[in-house]
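**Q** Output the structure for:
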Amino acid sequence: RVYVDGGHTVTVLMTDFPEVQGASEVFAVATAPDGTQLTFAVVSIAKNAAGVTTVVLTTTAGAAGKANVVIYTSAMKTRPSIILDLVAVPAGAPNVTLFAPSIGECRAG
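**A** Below you'll find the model as predicted:
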């Protein structure tokens, strides 16, 4: 989940991602629930020894709902996608409820 106003960081872990020289070779495009195409900035990309690629994205503003995000390189034949839930930014102050235990016990040892 991420707020719809954009500018938020999303980290995606992917397997079987091709070797690339840097973030400039990776693209992230989302289709918002209203059909709008959103381009997310790819901030960084790194592959670990186990072959898992970490892609860090920055979101752009879009409509609330489930967005289909495709992360790809020009060399990829298939383009895997993830679902990102875009949620409205809260309008007011948060409602914080304090919880306290109704029974407390302390034991030595």
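**Q** how about the helix or strand hosting Thr39: buried residues?
**A** In this structure, Thr39 sits in strand 37-47 according to DSSP states H and E. Neighbour-count burial for strand 37-47, counted by 16 or more other CB atoms under 10 Å, picks out 38, 40, 42, 45, 47. To be clear about C-beta, it is placed using only N, CA and C from the backbone, and glycine gets the same treatment.
**Q** cool, and stretch 72-83?
**A** For stretch 72-83, a neighbour-count test (16+ other CB under 10 Å) marks 72, 76 as buried.
**Q** For Val10, give me its contacts.
**A** 2, 40, 56-59, 84 (CB atoms under 8 Å, 6 or more residues apart in numbering).
**Q** on that earlier part again, quick one: list the elements packing against the strand holding Thr39.
**A** Here strand 37-47 is seen to pack against strand 26-31, strand 53-58, strand 65-73 when contacts are counted using 3 or more CB pairs under 8 Å, 6 or more residues apart in numbering; DSSP states H and E.
**Q** so what strands line up beside it?
**A** When pairing is defined by DSSP bridges, strand 37-47 lines up against strand 26-31 (antiparallel), strand 53-58 (antiparallel).
**Q** Endpoints of stretch 68-77, how far apart?
**A** Using CA to CA, to the nearest Å, the end-to-end distance of stretch 68-77 comes out at 18 Å.
**Q** Looking at strand pairing, list the partners for Leu38.
**A** According to DSSP bridges, Ala30 are recorded as the beta-bridge partners of Leu38.
**Q** and the residue nearest to the spatial centre of the chain, what helix or strand is that in?
**A** The central residue of the chain, meaning the one whose C-alpha is nearest the mean C-alpha position (CA atoms, centre = their mean), is Val10 at 3.1 Å. Element membership for Val10 (DSSP H and E) is strand 9-14.
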